[in-house]
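Undergrad: here are the coordinates; sequence isn't available:
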DNA sequence: TTGAAAGCGCTACCAG
DNA sequence: CTGGTAGCGCTTTCAA
């Protein structure tokens, strides 16, 4: 009768029936005791006997069966561009901490900024029954995101945001941060300030660009389109953009750089041109590595509170996953921090 | 009859039965066509009709049901100390790339180097029915790992290895790498070489220590226990260890540093002591950030081929997951790369 | 070649 | 208060 199952040794776990047999009771009763709320009608004696046997057998409910039955997996999907980017691995880590505490698992998917992959992954994760989704979207389109919202599927966007559709989101104060950084550079005496922006279409980039422009206008700085270079988020694109901007006839004296991999590429370009920081060129970078302050010239950075972002995102998601009726959307904006280091030349004391 | 299920909009996917009904055939037939091997006995006409309807309805097999039935989830678990450590996020990324291609999902868990958490997580992932496990173990104990092997559960260790038990593993040539680095420093004229080793008990650390000692002996360098500081893998422990070693009566002229977060901590200590690299102290670091070459003094590093490690680990795991009989274990050793930069002072030309 | 039925382990509902 | 039963969607075996 007893079959040799689980050839690979998985699932040698006892089942409800095993407990029921030992106690001499029906499996459904065991289920009620083990899973049911405190208020379910069972004799205290029964409870104790079942609980005892369950502990003795070291019973763990079969997750696969539960997930199948309940259509709940206690798993959330995280879709990000690239986990090996420190910005996103920081976010992933903080989400994992929160999800671990709430007894959820985290499935991590990387899009490489490819819209097709993202759509595939959303689909796949839904089919696998994740209970919720946290996404830093590619932002080439949003129909698939919109559909999730229409179905009231628990979803939180992180870092990036669609201004055309309403969703939950945890984002940072990009516009303000860019404005403040450029304003600081202006007050320090810079007139030509370049912006290596990263991939366009992305919410963060658009917001930073707005902040940049506003500061340019407010401080009457050189407003020259050739000072802005949109490109990818990779080291190489940062390198190329920077090289290009520094090779123009009137290169900037300061650079706002939008992303940590881009910053590394920018440094590469700057050194290749034999320029020195900050004497020839001042730089401020969005998001930092942990080692920013140990760079050739310690780098001024605009830092995101990654732990806070991840925690907020997960907790927001959790509320939506646990609620049985649709909740109103929340948009949480976290504050970045501007750290000034030696990478900025000040013509005037600021 | 038709219930309003899926209140949150999940699982609006058609089932085998939906297809069967449309085609006017039994669900099991549909299953045979859709899942079965090519050789199964079905009329070609039937095949085509079913395939057509399946495509029309955009049928996707319900992953939860399949997983439950088959006890296979197409998911592998990755257990690492900390995804926000660039070393491990690099490994995680390369594993994810390989698993994506093989149509597997990846669940990432962080232990924070806590043995209890690791054991918990192994358990939980087994209960959730992962098909295989890749682990960078904490290495305070190995009984749980051993049990997995006894059950023939598909498992690959990565970066770390137990010399007392046989397992699959993808590791790097730590001993040789340490030996080579210290030998280089010796040939450059250093006699007192310190080693900030990281957490002891860890395979990588033990191997590096052996390589370090061998080089010390071979080149007749100062063999002083106070030159070695074992500690954690955090920035702070690197900071403290370095501070301690540099504060001894006869501090070393060169330092081998075992980990990237530790390196950052070491730098902090060095700068705090107002020492300059490489004039006062030379450094070589195990594993690098992408930005190592842009540090105050570009850092000499021993680099791991993370993409190769992750890919090898996943492919090895895949072979074991796909085989129905136990396979012999493989131990794959990858080569590190020693990159010499300005952080080393050479008393003699090397 | 196809249909029918059983069953994975669990939960939920309805009787008693 | 407890037992029985049905069923989630799929695969697999056996019978037709």
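TA: In hand now; what should we look at? Fair warning: this is a prediction, and the values are worked out from it, not measured in the lab.

Undergrad: gap between stretch A:160-178 and the chain center?
TA: From the chain centre to the centre of stretch A:160-178 is a distance of 13 Å (Cα atoms, centre = their mean, to the nearest Å).

Undergrad: what kind of secondary structure is the nearest residue to residue A:331 once chain neighbours are set aside in?
TA: Counting by Cβ to Cβ, 6 or more residues apart in numbering or on different chains, residue A:331 lies nearest to residue A:169, which is 5.1 Å off, once chain neighbours are set aside. For glycine as for every other residue, the C-beta is placed from the backbone atoms N, C-alpha and C. Residue A:169 falls in the strand class when you classify it by DSSP: H, G, I helix; E, B strand; the rest coil.

Undergrad: surely residue A:169 meets residue A:149?
TA: No: assessed by Cβ atoms under 8 Å, residue A:169 is found out of contact with residue A:149, at 11.4 Å.

Undergrad: quick one on the thing from earlier: next one: the residue nearest to residue A:331 from residue A:310, what distance?
TA: 13 Å (Cβ to Cβ, to the nearest Å).

Undergrad: How about residue A:62?
TA: 30 Å.

Undergrad: got a pLDDT number for the residue of the stretch 101-250 of chain A found nearest DNA strand C?
TA: Nearest residue of the stretch 101-250 of chain A to DNA strand C, counting by Cβ to the nearest atom of the strand: residue A:129, 13.2 Å away. As predicted, residue A:129 sits at a pLDDT of 94.

Undergrad: after whichever strand or helix holds residue A:97, next one along is what?
TA: According to DSSP states H and E, residue A:97 maps onto helix A:86-101. Using DSSP H and E, the helix or strand that follows helix A:86-101 in sequence is strand A:105-110.

Undergrad: Can you pull out the residues in contact with that next one?
TA: By Cβ atoms under 8 Å, 6 or more residues apart in numbering or on different chains, the residues outside strand A:105-110 that reach it are A:73-83, A:92, A:95-96, A:99, A:117, A:121, A:125, A:128, A:130, B:75, B:92-93, B:96-97, B:100, B:105-109, B:124, B:128.

Undergrad: Show me what the helix or strand that it is followed by packs onto, helices and strands only.
TA: Going down the chain from strand A:105-110, the next helix or strand is helix A:115-127, by DSSP H and E. When contacts are defined as 3 or more Cβ pairs under 8 Å, 6 or more residues apart in numbering or on different chains; DSSP states H and E, helix A:115-127 sits against strand A:75-80, strand A:105-110, strand A:132-135, helix A:143-150.

Undergrad: Show me what counts as buried in the helix holding residue A:97.
TA: For helix A:86-101, burial by neighbour count (16 or more other Cβ atoms under 10 Å in any protein chain shown) applies to A:86-100.

Undergrad: Looking at these, which is nearest residue B:12?
TA: Among the buried residues of helix A:86-101, residue A:99 lies closest to residue B:12 (Cβ to Cβ), at 25.4 Å.

Undergrad: From DNA strand D, how far out is residue A:276?
TA: When distance is defined by Cβ to the nearest atom of the strand, to the nearest Å, residue A:276 is 63 Å away from DNA strand D.

Undergrad: The residue in the stretch 51-200 of chain A that chain B sits nearest to: neighbouring residues, count only.
TA: Per Cβ to the nearest Cβ, residue A:151 is where the stretch 51-200 of chain A lies closest to chain B, at 2.6 Å. As a burial measure, residue A:151 scores 15 neighbours (other Cβ atoms under 10 Å in any protein chain shown).

Undergrad: same check, this time on residue A:166
TA: 12.

Undergrad: what's the answer for residue A:299, then?
TA: The number of residues packed near residue A:299 is 28, by other Cβ under 10 Å.

Undergrad: ok, now residue A:46?
TA: With other Cβ under 10 Å as criterion, residue A:46 counts 15.

Undergrad: The one helix or strand it maps to vs DNA strand D: in contact?
TA: Per DSSP H and E: residue A:46 is located in helix A:44-56. Yes: against DNA strand D, helix A:44-56 shows contacts by Cβ under 7 Å from any atom of the strand at A:45, A:46.

Undergrad: Mind giving me the packing neighbours of that helix?
TA: Packing partners of helix A:44-56 (3+ Cβ pairs under 8 Å, 6+ apart): helix A:16-23, helix A:27-35.

Undergrad: For the first one, which residues meet the burial criterion?
TA: Of the residues in helix A:16-23, those buried by neighbour count under the rule 16+ other Cβ under 10 Å are A:16, A:18, A:19, A:20, A:22, A:23.
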